[in-house]
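K.L.:
One predicted model, sequence on top.
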Amino acid sequence: MNFTENQIERYSRHIILQEVGPEGQKKINNAKVLVAGVGGLGSPVALYLAAAGVGTIGLADNDVVDMTNLQRQVIHFTSDLDKHKVESAADKISALNPDVEIRMHKGFLNPENIAGIISGYDFIIDGTDNFPSKFLINDACVLNGKAFSHGGILRFEGQTMTYTPGNTCYRCVFGYAPPKNAVPSCSQAGVLGSIAGMLGTIQATEAIKYIIGKGRLLTNRMLTFNAFNMNFGEVNLSANSDCPVCGSNPVITKLEMDEQPVCDLKQ
Amino acid sequence: MYTIPPQLKQEINEYKRLIDDYRSGRVEPVKFKSIRVPMGIYEQRENDTYMVRIRCTGGFITPFQLRQTARIAREHNAGYIHITTRQELQLQDVALENTGKILEQLHENGLSSRGGGGNTVRNIMASVDSGISADEPFDVLPYAVALTDKLTAEPDSWLLPRKFKISFSSSDRDNAYAAFNDLGFIAKIKDGERGFKVYLGGSLGVKPMTGHVLFEFLPAYYLFYVAEAAKKLFSRYGNRRNRHRARLRFVFYKYGKEKVIEYFHAIYSQVKTASGQDLLLRDPVPGPAPAKPVPVLGEGPDYELWKTRYVKQQRDPALYSILIPVSKGNLDADRCEALAMLLENFGEDTIRFTMRQNIRLRNIPAPYLGNIHMFLKETGFATQKANILNSMVACNGADTCRLGICQSKSAMEKILAGLENSGLDLDGLKDLNINISGCPNSCGQQSAADLGFYGKVGRTDRIYPAYAIVAGARSGDGISRLARHVDEISARDLPRFLKEFLEIYLSRKSKYDTFSGYIDSEGENDIRRICDKFRDIPGFDEDKNYYYDWGADNIFSLSGRGDGQCSAGLFDMIDFDLQNIKRYIDEFNTIDHSLPAGKAREEINVANSYAGSGFAFYGRKFFQNAGSVNPMQANGDIGRWSNNDHTSGKNRDSGESESNDNLNSPEGSHDRSLANENGKNGYRQKELPGSRENELLYQIIFSASRMLLITRGFEPKATREVFDGFSDKFIGAGLADEKFRRVVTMARDDKAADFTKFRDSIFELAGVVIQLYENMDDSLQFNIPEKENNENSHSRPAMKKDYRSVACPMNFVKTKIDLAAMKKGELLEILIDDGEPVENVPGSVRSEGHRIISQTKTDNYWSVLIEKG
């Protein structure tokens, strides 16, 4: 086990945990996680993964930091306004933990580039804010055998599930993207900033459990919460044999973007 | 395909203005050249004709672009559209005044010539079968294109110390020569992730080198960063003062592999922390499915033979890939246009130019093979010939190149004409790669060929055109190797040699899996044996043919070749003495072979007897090299070799160049007259071994003394000055030990003195001088290396750790880390402090399933023995 003195200190509270230990910490240090969307969810995920010492963190986003982000996207500071989110996040991560290798993917994930990008990672965090991207990430992970964590937040509520190959996928549950504006987005309905932290840290935890191969993942179940009443719930799921992408007769065999507009935040 | 950088338009405008300024004398020729060449425009050998080199990343061009290129070529009366061995196109024989307009027209069609020449990032190559071959991890062309986009947009890509070549191979076959490029990538997949094995510093050329492995696996994400860092490394450390020693491999020669890799990583980590640089991958545009022509049914024996020779099924069995042989890589505009128009029927992604200067079509659906065949036949492509008659590569050679020594193109024609009527089983030679260069530069890629030739100057009483023979190159991940020098042959006898050789090879072929295997086993000897037959070159009066090159009207001469380069001349002079020292030492041992066995053994071990001294190292190096670098000596054919020694020695080691100035003075130049006086006479005399030995020792002192004098600004005019100069500039200056003064003075005073008694000292002197040279920097200063002490006493880690004064919980953390590295049942002893540590650590260890065997207190600390559970 080759840890530097600094690493031994930095990760000592992980190493002490019997379930993590030096072996688990090594796995974390060697792991590669893609954070798709460095916003409300991606911020806490990226920070906790960096702190945990995840060896390689990929950051994918195409936005710059704007004033409305700062209420919940805690990796970005006021001084980062107008900076590319990927660069802003990269700065914080390297300041927090210089061990982390950062890969910056500036641009939208699209059907052409996503397979190439995710091929470089062990686990993908869905921190995107729109349905087409969520379905694209799901499809790309299913077709390429990658594990990912789905996360979504709105008003006071959050939901998250973890996909690993062979288990229930996001499309098993939701089928196709809802029609345009049938669902309110964060901007229309508002969101309590702190619940981004509540959900993002759960996603980060799932990623680390997946990496060390310990604990029980949120597979075949979805965790939901209502922070207003502070109720947590769990819905059991099972893989859908009619699923368009992972069912027995899949109709989606090639990546395409579901036709659906992104969050109308700026309109 | 690739993205034209936005600034190119303006650069073309500036270039056009510059042509006018040059013509009107407002701009000096040298200044104009420095702009023109990096624009991809070269002057040809015939004065004032030019060629324009067009970037085709990985040999890709769309049929539409090819059609437009043909039209541009016709409009400007280009003699040929030429396919290069770097998968580019060249418009040849155009007037300077037209080049500006040509660049504009290319630009309109999404083509650029930027970086076609000069000290730039050159055309990026890719496996010609990438995307269609069955054994590749993934298609590398999108990566080559994306990297082209990035690098060609950066101004510093045009300001390098020398050219910078990048290549991508899509499989371990390494058919794009990743290991022979400055920066090479071989596609790999690791744990499902796309990436590359990365080679750095490879190159063909005069002192060829196989690249060093920089990364066993580099995730594709980092591709750009690595390319950028390699470019910056080259830019920073490359030798800008001597273009003959400027390529990246010379940085390796100078600093050594480990240092260079260390420099690379320092730059790489800086580059990586700069802002994100994702490569935007774009697949070759599929475009709308074009309307196909009416299928033509192919039939008849012609068609069937053509199919077996030139047509290959792709990974997708419905599609075919077809090799179109292009004689000498030259296409005329009309055929080129007609071909392009035919291919437009089959989509955008149908053309690749190959590194063997042919065209490889792809994505042709089976029903249309007949159409292609009919077209090729009607337009006069050599579809009925065996592959070998179409696959041979020759650089332009002295026909058009100002640097060429021999007219390689004409030699190839002569060879091909001979082979065609030879009655040999040419289809049995299908996969044999034969390459010919007109000079030791690598344009003909002879060092990567199965069998290669490069032009050189032969000498009897006068000079004649000749070729060095190299053989046995291999490419493939981990097995890449350059062709090695085997022998040489006059240009006149080259076709005869090759025919005889191929005949023998065909008779032995079935015994070997690969040509390189044959070369290693019997081939090298076969080559030498045939060469022996042609070794006697008739004098000029007996047969003048030997003194005319193929395709030449005039007697072979080197006048008017290339431009002079002072610094290169300096290195050539040094190399001349270096080669001499090597030869003398080598011969010294050859002589010893002829002595009685006991004596011989003692002498051969001369080099080893210096084990531990600097010289032993260099001495061994010489002996290893001797066989391959200079095999004629191994044959003991010294008399002949000495006739050639000036030119051959210099050609081999002058460093890569596109202006081989040393060839301007084939006589070995006036500077070297001392060598004639001192060196050759000795060789000509058949003397007794003993006196020859003495003579050699004298020559070693002479060459060692003279070798580096030039670096001190001292050019001896007489033999005596050589020895005095060395005593003064080297021994006197403390660069060489005082003890050498004795032999140097002896040599000065009496050439016939008995040097054998001082043999050890003389060999050591040679070693010291060579070591000085190896450690010489670009400003000609000698860095005397300190003796390295490599004695690392690695004590094996004991399973006993002292964690006294390590507080809780870090003592436990460290213990856990130790245990994690151990096997079940192994024992670990730790020392921990009294108090909190001993109250906590053993319990925590036990709770994790390990066994505490004992716990004993000594003074104020505890020793705890743990068995891993």
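P.N.:
Here it is on my side, so go on. Numbering: from 1, shown residues only, chains lettered A, B, ... in the order given.
K.L.:
C-alpha only now, for contacts and for neighbours.
P.N.:
Fine.
K.L.:
interface residues of the stretch 51-200 of chain A facing chain B?
P.N.:
Proximity of the stretch 51-200 of chain A to chain B, by CA under 8 Å from any CA of the partner chain, involves residues A:Glu87, A:Arg103, A:Met104, A:His105, A:Lys106, A:Glu112, A:Asn113, A:Gly116, A:Ile117, A:Ser119, A:Gly120, A:Tyr121.
K.L.:
Take the residues you listed and, keeping just the buried ones, write it as a ChimeraX select command.
P.N.:
Buried residues among these (16 or more other CA atoms under 10 Å in any protein chain shown), as a ChimeraX selection:
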select /A:87,103,104,105,106,116,117,119,120,121
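K.L.:
Just the residues of the stretch 51-200 of chain A next to chain B: which are in strands?
P.N.:
With strands taken from DSSP state E, the overlap with those comprises A:Arg103, A:Met104, A:His105, A:Lys106.
K.L.:
Hmm, A:Val38 and the second one touching each other?
P.N.:
No: checked against CA atoms under 8 Å, the pair A:Met104 and A:Val38 is beyond contact range at 11.0 Å.
K.L.:
Touching both of those two, which residues are there?
P.N.:
A:Leu59, A:Ala60, A:Val86 (CA atoms under 8 Å, 6 or more residues apart in numbering or on different chains).
K.L.:
Tell me how far stretch B:538-547 lies from the chain's centre.
P.N.:
35 Å (CA atoms, centre = their mean, to the nearest Å).
K.L.:
buried set for that stretch?
P.N.:
B:Tyr546, B:Tyr547.
K.L.:
circling back to that earlier point, between the ones in strands among the residues of the stretch 51-200 of chain A next to chain B, which is closest to chain B?
P.N.:
Closest approach between those and chain B, by CA to the nearest CA: A:Met104, at 4.8 Å.
K.L.:
Can I get the residues of the stretch 51-200 of chain A next to chain B in JSON lines including pLDDT?
P.N.:
Formatted as JSON lines, these follow (pLDDT from 0 to 100):
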{"residue": "A:Glu87", "pLDDT": "93"}
{"residue": "A:Arg103", "pLDDT": "92"}
{"residue": "A:Met104", "pLDDT": "91"}
{"residue": "A:His105", "pLDDT": "91"}
{"residue": "A:Lys106", "pLDDT": "88"}
{"residue": "A:Glu112", "pLDDT": "83"}
{"residue": "A:Asn113", "pLDDT": "85"}
{"residue": "A:Gly116", "pLDDT": "85"}
{"residue": "A:Ile117", "pLDDT": "90"}
{"residue": "A:Ser119", "pLDDT": "88"}
{"residue": "A:Gly120", "pLDDT": "89"}
{"residue": "A:Tyr121", "pLDDT": "95"}
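K.L.:
so which two of the residues of the stretch 51-200 of chain A next to chain B are the farthest from each other?
P.N.:
A:Glu87 and A:Glu112 (23.1 Å; CA to CA).
K.L.:
Surely B:Ser321 is in a strand?
P.N.:
Yes: membership of B:Ser321 in a strand is supported by DSSP: H, G, I helix; E, B strand; the rest coil.
K.L.:
How many residues are close by it?
P.N.:
24 (other CA atoms under 10 Å in any protein chain shown).
K.L.:
Okay, and the beta partners of it?
P.N.:
On the basis of DSSP bridges, B:Ser321 is bridged to B:Lys312.
K.L.:
And the one 10 residues further on, by the same measure?
P.N.:
Under DSSP bridges, the beta-bridge partners of B:Leu331 are B:Ile81.
K.L.:
thinking it is in contact with B:His82, fair?
P.N.:
Yes: counting by CA under 8 Å, B:Leu331 does reach B:His82; the two are 6.1 Å apart.
K.L.:
Compare those two and say which is more crowded by neighbours.
P.N.:
With neighbours defined as other CA under 10 Å, B:Leu331 and B:His82 compare such that B:His82 has more, 25 against 21.
K.L.:
so after the worst-scoring helix or strand of chain A on mean pLDDT, what's the next helix or strand?
P.N.:
Within chain A, no helix or strand scores below helix A:186-189, which has a mean of 66 by mean pLDDT, DSSP states H and E. Next helix or strand after helix A:186-189 toward the C-terminus (DSSP states H and E): helix A:193-212.
K.L.:
contact partners of that following helix?
P.N.:
So helix A:193-212 is contacted by A:20, A:24-25, A:27-28, A:31, A:33, A:40-46, A:48-49, A:71-73, A:122-123, A:125, A:148-153, A:156-160, A:162, A:215-218, A:227 (CA under 8 Å, 6+ apart).
K.L.:
mind redoing it with 6 Å?
P.N.:
A:Gly24, A:Gly40, A:Leu41, A:Pro44, A:Val45, A:Gln71, A:Arg72 (CA atoms under 6 Å, 6 or more residues apart in numbering or on different chains).
K.L.:
Show me the one in those that has more neighbours than the rest.
P.N.:
Most surrounded of those: other CA under 10 Å gives A:Leu41, at 33 neighbours.
K.L.:
ok, now which ones touch that residue?
P.N.:
So A:Leu41 contacts A:Gly127, A:Ala196, A:Gly200 (CA under 6 Å, 6+ apart).
K.L.:
out of these, who's nearest B:Gly117?
P.N.:
The closest of the contacts of A:Leu41, once distances to B:Gly117 are taken by CA to CA, is A:Gly127, at 47.2 Å.
K.L.:
ok, the closest one touching A:Leu34?
P.N.:
No: counting by CA atoms under 6 Å, A:Gly127 does not reach A:Leu34; the two are 9.9 Å apart.
K.L.:
mind putting the ones in strands among the residues of the stretch 51-200 of chain A next to chain B in CSV, distance to B:Leu429 included?
P.N.:
Putting those into CSV (distance: CA to CA, whole Å) gives the following:
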residue, distance to B:Leu429
A:Arg103, 49
A:Met104, 50
A:His105, 49
A:Lys106, 51
